[in-house]
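In: Let me see the structure of the following:
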Amino acid sequence: MFMATLQAASFCSSSTSFRKIKATLNAPKHHQSSDYLSLPKLSNGLQAFVPVSTHIEMKPNTIDSSNTGNDGVSRSKTILQELYTIMEIEADRAEMHKNIGAQRDNWNRLLLNSVNGMTFTAATMAGLAAVGGVIGAPVLALKLSASLLYMAATGILLVMNKIQPSQLAEEQRNAARLFKQLHEDIKITLAVRNPIASDVEDVMEKVLALDKAYPLPLLGTMLDKFPENVEPTVWWPHHLKSQQENKAAGRVERSNGWNENREEEMKEVLGVLERKDAAEYVRLSKVVLKVNKILAVCGPLFTGLAAVGSAFVGLPFGGSWAAFLGVMFGALATVVNTMQHGGQVGMVFEMYRGSAGFFRLMEENITSTLTEKEADKRENGELFELKVALLLGRSLSELRGLARSSSLPSGTRQDKEEYASKLF
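Out: This next block holds a predicted model:
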């Protein structure tokens, strides 16, 4: 009896120990908290780790009832990983555009200084050759050197006028700013709500649209610096406009901060943006483009004429006209080049065209919001009004005053209506 009791106790004890060991072996491993988010393995076999920004309070990843189960949890994690990957790429792309913009700004300064130095030196040599009074090796050396310098300056100017380094630098500055803005938008999305698959698609489209609007290479994909038709710069996906056109007419719900007065206010602001701001900056872009075209033709033309004049200095049939061409057109070329590239006329053109694109984007955003019939799918009306006011550099009262002045009769409105933006 005693032996049976002892065997039973020993069996129970060993079973309990076995269960403890088995539970310990099967227990999930808890990793220590880390500031890095582990991403799937890349194609080269390495595993990427994206640093999670510590100054953003992340919202807990709650799974919707429609996505319960392992598939829903896995999909949610995949979306987060994709967004963090895009954020890392955007940060790198912004830094890339910033560095290339600084490089091309240096191109503009260095090339301009080099061309002006060569032109000034060539004009001096042509003048010395003209007043030498003798024909011989010294005069021949001076005029040939002047001609060579003028021809080199002409070639450099043709390249500069083709690529417009100051305009290239402005394009990269705009691209860096917009990539940083998109990076912050993703941070806000991750902080305030759980992202979904459409967020990833939307961000991808925006990244590709930015790449197309501001290309990095100079050969093949470089933007035309002298376009036939001046259009505002477009750096956002084109599907926004198509969505507006596909909206069916019907009754519009008014809630979520929207009412009839606020809708009418946004419509009036939209009209001012179309009539005044966007149209004005397109007009200014066309004026600056015409000036840049004239200067781009005059610079190489003047250095070319100066090179021809320098070649005939000192010859019997050259006379005073050769010295005039060699010296006077060299001085004029220096002035023209300084006005065009020193004044960064190409950068001004890109700035005006980019400002017109900014107002075009505001127009599309307002139109898209107003044509949305379901109020829940709209952005909150009070928040949207505040955002529009700040983007235009106005207070809420000033924005409402602008809407009231825009609603006046056309005769009175033309005298009192002002530009919507106070920033540009």
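
In: Quick test: name the residue nearest the centre of this structure.
Out: Centroid-nearest residue in the chain, with CA atoms, centre = their mean: Ala175, separated by 2.4 Å.

In: and that residue, what is it in contact with?
Out: 93-94, 97, 101, 210, 213-214, 235 (CB atoms under 8 Å, 6 or more residues apart in numbering). Bear in mind the C-beta positions are built from the backbone N, C-alpha and C, glycine included.

In: Tell me the one of these nearest Leu325?
Out: Comparing these against Leu325 with CB to CB places Gly101 closest, at 38.6 Å.

In: what about that closest one, which helix or strand?
Out: helix 70-131 (DSSP states H and E).

In: so what secondary structure elements neighbour that helix?
Out: The helices and strands touching helix 70-131, judged by 3 or more CB pairs under 8 Å, 6 or more residues apart in numbering; DSSP states H and E, are strand 36-41, strand 47-51, helix 137-163, helix 165-192, helix 197-213, helix 279-311, helix 319-337.

In: So for the third one, what gets flagged as buried?
Out: Going by neighbour count (16 or more other CB atoms under 10 Å), the buried part of helix 137-163 is 139, 142-143, 145-154, 156-157, 160-161, 163.

In: now the angle from it to helix 165-192?
Out: Compare the direction of helix 137-163 with that of helix 165-192 by axes from the mean of the first three to the mean of the last three CA atoms, to 10 degrees and you get 30 degrees.

In: Next: the longest one.
Out: Here helix 279-311 runs at 150 degrees with respect to helix 165-192, directions being taken by the same axes, to 10 degrees.

In: got the angle for helix 279-311 vs helix 70-131?
Out: Comparing the axes of helix 279-311 and helix 70-131 via the same axes, to 10 degrees yields an angle of 40 degrees.

In: do the same with the third one
Out: Note on geometry: by the same axes, to 10 degrees, helix 137-163 and helix 70-131 are set 150 degrees apart in direction.

In: same deal with the fourth one?
Out: With the same axes, to 10 degrees applied, the angle from helix 165-192 to helix 70-131 works out at 160 degrees.

In: swap in the fifth one?
Out: Our comparison of helix 197-213 with helix 70-131, counting by the same axes, to 10 degrees, yields an angle of 10 degrees.

In: which residues are in contact with helix 197-213?
Out: Under CB under 8 Å, 6+ apart, the answer for helix 197-213 is 75, 79, 82-83, 86, 89-90, 93, 175, 178-179, 182, 186, 189, 233-239.

In: Would you show me how to pick out the buried ones of those in PyMOL?
Out: Command for PyMOL, covering only those of those found buried under the criterion 16+ other CB under 10 Å:
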select buried, resi 79+82+83+86+90+93+175+178+179+182+186+189+233+235+236+237
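
In: Show the buried residues in the contacts of Ala175.
Out: For those, buried by 16+ other CB under 10 Å: 93-94, 97, 101, 210, 213-214, 235.

In: would you turn the residues you listed into JSON lines with pLDDT and distance to Lys276?
Out: Listed next are these as JSON lines, based on pLDDT from 0 to 100; distance: CB to CB, whole Å:
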{"residue": "Arg93", "pLDDT": "94", "distance to Lys276": "34"}
{"residue": "Ala94", "pLDDT": "94", "distance to Lys276": "32"}
{"residue": "His97", "pLDDT": "95", "distance to Lys276": "31"}
{"residue": "Gly101", "pLDDT": "94", "distance to Lys276": "30"}
{"residue": "Leu210", "pLDDT": "94", "distance to Lys276": "27"}
{"residue": "Ala213", "pLDDT": "93", "distance to Lys276": "24"}
{"residue": "Tyr214", "pLDDT": "94", "distance to Lys276": "27"}
{"residue": "Trp235", "pLDDT": "93", "distance to Lys276": "22"}
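
In: which among these gets closest to Leu305?
Out: Nearest to Leu305 out of the buried ones among the contacts of Ala175 is Gly101 (CB to CB; 34.8 Å).

In: Gln167 is in contact with that closest one, correct?
Out: No - using CB atoms under 8 Å as the test, Gly101 is too far from Gln167 to be in contact (11.0 Å).

In: residues shared between the contacts of the two?
Out: By CB under 8 Å, 6+ apart, no residue touches both Gly101 and Gln167.

In: Taking helix 279-311 as reference, get the angle to the helix or strand hosting Arg353.
Out: Using DSSP H and E, Arg353 maps to helix 345-371. Counting by the same axes, to 10 degrees, helix 345-371 lies at 160 degrees to helix 279-311.
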